[in-house]
Structure formats: C-alpha cells, structure tokens
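Asks: Prediction below, plus the sequence it came from.
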Amino acid sequence: MSDRQSRVKSGASPNGCVEAFNQGSAEKLRLYETIINAVDEPMCFIDSSYRFLMTNRHYEKLLNLSHGEILGKTLPEIWGEKAFDPRAKELIERCLEGESVKFKGFFSSPARGERYMAFNYYPYRGEEDDIRGVLCIAYDLTDTKNTEDALKYSENRYRVMMESMMDPVAICSWDYRIEYMNPAMFEIAGEGDVGDICYRTLHGFDSKCRWCDNGESMEVVPKTIEYVRPINKKNYHVAISPIVNNDGTVSRLTIFRDVTAMKDLEKALHKAQKMEAIATLSGGIAHDFNNILFPISGYTEMLLDMLPDQTPYIDYLQEISKASRRAKELIAQILTFSRRGDEHMEAIGLEPIIKEVMKLIISTLPATIRIKQEIFRECFNVVASPTQIHQVMMNLATNAYHAMEEKGGVLTVNLTNEIVPGEMTPPLPGMAPGEYVLLKVSDTGRGIPLQLQKKILEPYFTTKPKGKGTGLGLSVVAGIVKRCKGFIYIESVPGKGTDISIYFPRADTHQEWKGISRDNSLVKGGYEKILLIDDNPAVLNMEKRLIESLGYKVTAVQESTRALELFKENPDGFDLVLTDLTMPGLTGDRLAKEIFAVRPNMPLIVCTGMHEGVNPGECEIMGMKFQCVLSKPVNKAHLAGAIRSALDNGEGGSR
C-alpha cells in the first residue's frame, strides 16, 4: 500500500467517505496528489457532507494543521461555526448542485491572522458523472487588497487635494486632449470639458501653446512660464510637470496661478520706488533752488528799503520781488510733491479762498472763456492748509484754461455741501458715509482721451504741448487732496470737456481763513550778537547784511566746524545762533547738539531750504528741539520777527 493510500485510509471517517473517494486506482490518487501539491495556492476536496477528503500542503500551512489533523474532519470542525457562515454553506450547496461559484471575504487564519481570501468552488464528479463533492481553491489576496486599498487611498487623497486647490489644475495628453480638470480649472474654462483641445479651451489659442513641446520631445523635465491669458487678460504663472503613462506617452500636469494682483503690486512698488527717487531729487533741487533764490529776494528787499519811493527803478525791483515770490511758490509746490512740505493744517472755510482765487482768474483769462460761479455761502469747514487750497484751485483753473485756450468755452466752479447718507453707496471707492464739501471745476474744452485718463494724476505726465506744462499740476493736487483725507474724481469726454470733483471731509471745528498775511508793521531789530552759519557764501553774505541792517552784530562763518570752535572759545560771546541745516562736515542738527552740550539754554534758529517755513515758536526737527525753524527764502520781516522772538523768550535750546 502506498504512503498516500495509508494516509487517506488512516484518516477515514466512519461513513466511509474517504474509502469512497479512494476507490479509484492508486495511479489516479498519485496523479491527484501530484496536481494539488503542484499548485501554489491552498487546495482541498470536500464531500457532500463538507468533510475533507484531500488537502495540499499550502492548505495545511494556511490552517497550521497537519494532513492527518484535517482529513476526515468537517468544515465547521476546522474553521469553526462562525467562519462557516450561512453564506459559505449556501455557496457550497450551489456547487454541489453543479454550479461553479466564487466569493471573497476576510477569514482568520491560525497561522497568518486575518486574511482577505478568494474561494473558488468547482463540482467534483465521479465516473457516473454524479457529483461526489467540491474542489476548493483558495487565493490569499491580502497583499493585493492592501495594495489596492493604498492605491485607492492615494488616489482619493490626491484627488481631494487637486479638487480643493484654489489654483486651476489640468492634465493634458500628448495629443492636446484634456484628461482632467479640477473645479477651479472648470470655473475659468467656462463651457470647456474633458476631451477638448487644451490650447483652445484653457488658453484661447488657435494653435498649440508656444512653450508646448508635445509631439516634439519626450523629455520629462518640469518647467515654468508666465503669460497673459487671452481669454480673461490675466497674468498667470504656469508650472508644467510631466506624467509618464504606462504606454510610454507623456501627459502634462499644468498648474495655473493667477499672479495678476502680484503683478499689479510689483508695478505699484516700482512706481512707489520711482516716486521716492523723484521725491528725493525734487527735494534736492528745491534745496539748491532756495539757496539761489534767497540772495535774489534778500538783496531785492534790501534795495527796496534803501531806495526812495520816487526812484524810477522801484518798479523793476518790485517785478523781481514778485518773480521771487512766484519762484518760492513753485518750490513749495515741488516740496509738496516730494512730501517734504509741512504746511500747517487747520479747520477753515473754503469759500473766501475760492473767491479770492476766482478774482485773480477773472482778471487773467481771455474774453473767449466765460466763467460761471456757484459758490454756496454756508459750506462746511474742512481741515486743510489755506496756501495749498489756493494752490489746488489755481492748478485746476490753469488746466481748464489750457483745455479751452484755442476755441474758448465755459469754466464752471461749484462749491457746495454734499451729504452721503449711511444707507447710500458713496460715489467713490473708499469714501465713508458722512458730510463733505464738494469742489467741482468743469470746462468745455477738448477733453482727455480715455486711454490717458488713468495717467493724468501721475507726476510729469501731461497732455499739453511742449512748453505748456510741467506735468506736476494734477499730481500736486492729488497729493494735497490725499493729505486732507479727501477724494478726487475725474470725468472727461473727448471733444466735450472735463469735470474734476474733489470731496473734502467736514471738519469738527471752524476757524475763519484771514488770507495771506500782508502785515506791514514796523520791523523790530536789536543790538545782540548773532553767530551766523551757512555753507553757501552768497546766502551767508546776504543774510549777514540783512541781519546787520536790523542793528545786530553778526559773526558769519561758512564752515560749521569753525563755528563750533568759535562758540566753544567764548560761549557767552553770542546771544543767538542762526544756522543752516544741510552742511558738509557738521550738519546743523549735529552742530546744535554740540552747542547745547556747552550751553543748554542757547537760543538757536534753523534756516533751511529742506523744510517749509513755520511761524516762530518751538519746533522739532531730526529729533532736536529749536525755538524756530525757518524756510529759505525768508523775507526780512519774518526773519526779524523770528530773531526777536527767540531772543525775547530767553530760554532756548534742547529740552
């Protein structure tokens, strides 16, 4: 008897099922044994009573049992009643009726723990074609299922990531077909869909994108480009990454990032940097111009004081004086643009200022231009500088005149209150509901072309012919309006005219504007000793003579280091120090610090071309406190008042 036959016989069940299975020839048994043990998957035969007739070594290994421990036992005895559930029993019953069945599920293996298995059941027929039992082949799919689950998890994770991205994402095939679009991409693609030609749907091109190398290269190197999408005119940063498919073709994953706002910020930054550079240059020019202008205005004023009223040259000197004042106003305009201006802001009414400017305008405009004024007498007060409001009105009127210079027209000036209720949308972006004063200047001139309207507030931009304008007028107006926390709106129709509306917020308090001071009271001088420092010899000589004409004794020094030496040699030998601010070697603020270290209460005045003038009184500049800071060019009365005030107050210097 063979070893296989003895193993089968030793495991025979009481009902003789194993003997029945063993009725075949020994040769058949050896064949069966060879076949099932050659299979790399667990395999067994069971009879109609679910009793094991034969198993291979893989099945025995799966159960961690020997052949003898399994043979002759039933499925419930080996797998347990819970494992042999009604579903498994139903499937085996179907197989015993002649049907091949398959099912998958989790099973607990004593040797391997819980496994995910696939069971295939096939009917086993005898020589009479009667069904004797079932052939079962088991497949351990645990590793495969784990791989599939991991793949599904990965796919789901990346799909969720793609679909939650704010940036549009698309995958395009080698033949320009869209394979995938995330919701953000669908949003900008409009009616486009998967399967469309990518360069048409995604970019709005008639042919493939200029940077696309599909069909030309199979390189798998990522790249980035920036372009303006023709469909929506937005700037995009595009990152392109290759995806190598199983068939060797290469698809492209493309991520679009809208950088339009970033580009706008870059332009704004470049513009701000350019403006800062221009402002620095403007401030430097203003400083040098002040040093040139100061001697002109100073000597002119001294000549006017020296000459009798009937002198025939008085008129010439008056014209020089007027030109000097206009030049000073131009410098103030440049300083305002360069943000170096420090005009005093106060609550004022605009009506008297506008009326004063209109008187001047009426006397200078040609008869071809008619003027209409609608100025409300009880306008709200606004916080502003009277000089700068004067400047705003003059610039607007000048622009209107130039627009109507050739054909004439109508200049209309409106000043009225404007109330924006809380429930109403404000007329301009950024405006809050509230009370405003509206200044509107309109002309019926040639208008401004639409493509230029966004640029007219930029410095040095002008639509006027060469020699007609500097391009600073409206930019200065915009700067002043912004400083007053107001809003400016320009509406222009080519061939019909331009309306410029300025909204000033209402002030809480009121102070009547008394006009530009023309006080001709007696200029007070004195006998005190003054130390005068300025690195510009022309300014130094003129200031020395001007101050000496007031009766003071002046020691004039061009070098600030030498001035400090003189002061330290005799600190009590001077009653007041008057110094320039920007000087080589030792600047005015550093000189003042050294002087205050020797004599803390020393009266000191700064006279500079870098800051606009302020009235005598305690002022602070560059961290140092002085009794007064004057702006060049300063007239004789103003200078005399500042000197007298500093000397009479007595206490000066650093606090």
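Replies: Thanks, I have it.
Asks: Excluding sequence neighbours, find me the nearest residue to Ala347.
Replies: Closest residue to Ala347 apart from its sequence neighbours, by Cβ to Cβ, 6 or more residues apart in numbering: Ala507 at 4.0 Å. The way it works is simple: take the backbone N, C-alpha and C, and place the C-beta from them, glycine included.
Asks: same check, this time on Gly486
Replies: That would be Phe504: by Cβ to Cβ, 6+ apart, it lies 4.5 Å from Gly486.
Asks: for the helix or strand where that neighbour lies, packing partners?
Replies: If you go by DSSP states H and E, Phe504 is part of strand 497-505. Strand 497-505 makes packing contacts with strand 381-384, helix 386-404, strand 434-443, helix 473-483, strand 487-493 when contacts are defined by 3 or more Cβ pairs under 8 Å, 6 or more residues apart in numbering; DSSP states H and E.
Asks: What residues are bridge-paired with the residue nearest to Gly486?
Replies: Val437 (DSSP bridges).
Asks: Compare the helices and strands packed on strand 497-505 and give me the one nearest Lys322.
Replies: helix 386-404 (15.3 Å; Cβ to Cβ).
Asks: Give me the most central residue, this protein.
Replies: Leu265 (4.9 Å; Cα atoms, centre = their mean).
Asks: That one belongs to a strand, doesn't it?
Replies: No - counting by DSSP: H, G, I helix; E, B strand; the rest coil, Leu265 is located in no strand; its state is helix.
Asks: State the distance from Met542 to His58.
Replies: Look at Met542 and His58: by Cβ to Cβ, to the nearest Å, they are 114 Å apart.
Asks: which of these two has more neighbours?
Replies: Set side by side, Met542 and His58 show more neighbours around Met542, with 21 against 18, by other Cβ atoms under 10 Å.
Asks: tell me which element the more buried one falls in.
Replies: Using DSSP H and E, the element containing Met542 is helix 537-548.
Asks: Return the set of buried residues in that helix.
Replies: Val539, Leu540, Asn541, Met542, Glu543, Lys544, Leu546, Ile547 (16 or more other Cβ atoms under 10 Å).
Asks: Need phi/psi at Lys233.
Replies: phi 60, psi 30 (degrees, to the nearest 10).
Asks: What confidence value was assigned to it?
Replies: Per-residue confidence (pLDDT) for Lys233: 81.
Asks: ok, it - how many residues close by?
Replies: 8.
Asks: For it, give its distance to Lys263.
Replies: 12 Å.
Asks: returning to that earlier point: out of the helices and strands packed on strand 497-505, which gets the lowest mean score?
Replies: Across the helices and strands packed on strand 497-505, helix 473-483 gives the lowest mean pLDDT, at a mean of 81.
Asks: Would you check the distance separating it from the middle of the chain?
Replies: 24 Å (Cα atoms, centre = their mean, to the nearest Å).
Asks: go on, stretch 50-66?
Replies: Distance, centroid of stretch 50-66 to centroid of chain: 72 Å (Cα atoms, centre = their mean).
Asks: If you count neighbours, what's buried in it?
Replies: Buried residues in stretch 50-66 (16+ other Cβ under 10 Å): 50-56, 58-60, 62-63, 65.
Asks: Kindly report the same for stretch 349-367.
Replies: Gly349, Leu350, Glu351, Ile353, Ile354, Glu356, Val357, Met358, Ile361, Leu365.
Asks: quick revisit: helices or strands up against the helix holding Met542?
Replies: helix 260-306, strand 529-533, strand 553-557, helix 636-649.
Asks: any chance of the ones you listed in CSV, with distance to Leu438 too?
Replies: CSV is the format used below for the helices and strands packed on helix 537-548 (distance: least, Cβ to Cβ, whole Å):
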stretch, distance to Leu438
helix 260-306, 28
strand 529-533, 49
strand 553-557, 52
helix 636-649, 35
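Asks: and of those, who's closest to Ile243?
Replies: helix 260-306 (27.7 Å).
Asks: elements contacting that closest one?
Replies: Helix 260-306 packs on strand 234-244, helix 314-337, helix 537-548, helix 636-649, going by 3+ Cβ pairs under 8 Å, 6+ apart.
Asks: Quick check: neighbours of the first one in the sheet, parallel or antiparallel?
Replies: Pointing back at strand 234-244 there. Strand pairing for strand 234-244, using DSSP bridges, gives strand 223-229 (antiparallel), strand 250-258 (antiparallel).
Asks: Can you dump the C-alpha atoms of that strand in PDB for me?
Replies: Included here for strand 234-244 are C-alpha records, laid out as PDB according to Å, rounded to 0.1, in the frame of the first residue of the first chain:
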ATOM      1  CA  LYS A 234      -5.000  87.900 -16.500                       C
ATOM      2  CA  ASN A 235      -1.400  87.200 -15.700                       C
ATOM      3  CA  TYR A 236      -0.600  83.500 -14.800                       C
ATOM      4  CA  HIS A 237       2.400  81.700 -13.500                       C
ATOM      5  CA  VAL A 238       2.200  78.200 -15.100                       C
ATOM      6  CA  ALA A 239       4.100  75.200 -13.700                       C
ATOM      7  CA  ILE A 240       4.200  72.200 -16.000                       C
ATOM      8  CA  SER A 241       5.200  68.700 -14.800                       C
ATOM      9  CA  PRO A 242       5.400  65.600 -16.900                       C
ATOM     10  CA  ILE A 243       3.400  62.400 -16.200                       C
ATOM     11  CA  VAL A 244       4.800  59.300 -17.900                       C
END
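Asks: Pull out the buried residues from it.
Replies: Neighbour-count burial for strand 234-244 [16+ other Cβ under 10 Å]: Lys234, Asn235, Tyr236, His237, Val238, Ile240.
Asks: what angle separates it from helix 260-306?
Replies: 150 degrees (axes from the mean of the first three to the mean of the last three Cα atoms, to 10 degrees).
Asks: Which residues does strand 234-244 contact?
Replies: 171, 211, 219-229, 250-260, 262-263 (Cβ atoms under 8 Å, 6 or more residues apart in numbering).
Asks: hmm, try it at 6 Å
Replies: With Cβ atoms under 6 Å, 6 or more residues apart in numbering as the test, strand 234-244 has contacts from 220, 222-226, 228-229, 250-260, 263.
Asks: And for the third one?
Replies: Counting contacts by Cβ under 6 Å, 6+ apart, the residues outside helix 537-548 that touch it are Asn291, Phe294, Pro295, Gly298, Tyr299, Leu532, Asp534, Val554, Ala556, Gln558.
Asks: now with 8 Å?
Replies: In contact with helix 537-548 (Cβ under 8 Å, 6+ apart) are residues 291-292, 294-295, 298-299, 301-302, 530, 532-534, 554, 556, 558, 578, 580, 607, 632, 636, 639, 643.
Asks: can you give me phi and psi for Leu62?
Replies: Torsion angles, degrees, to the nearest 10, at Leu62: phi -60, psi -40.
Asks: Leaving out chain neighbours, which residue sits closest to it?
Replies: Leu62 sits nearest to Pro42 (Cβ to Cβ, 6+ apart), 4.7 Å away.
Asks: Can you measure across stretch 122-141, start residue to end residue?
Replies: 19 Å (Cα to Cα, to the nearest Å).
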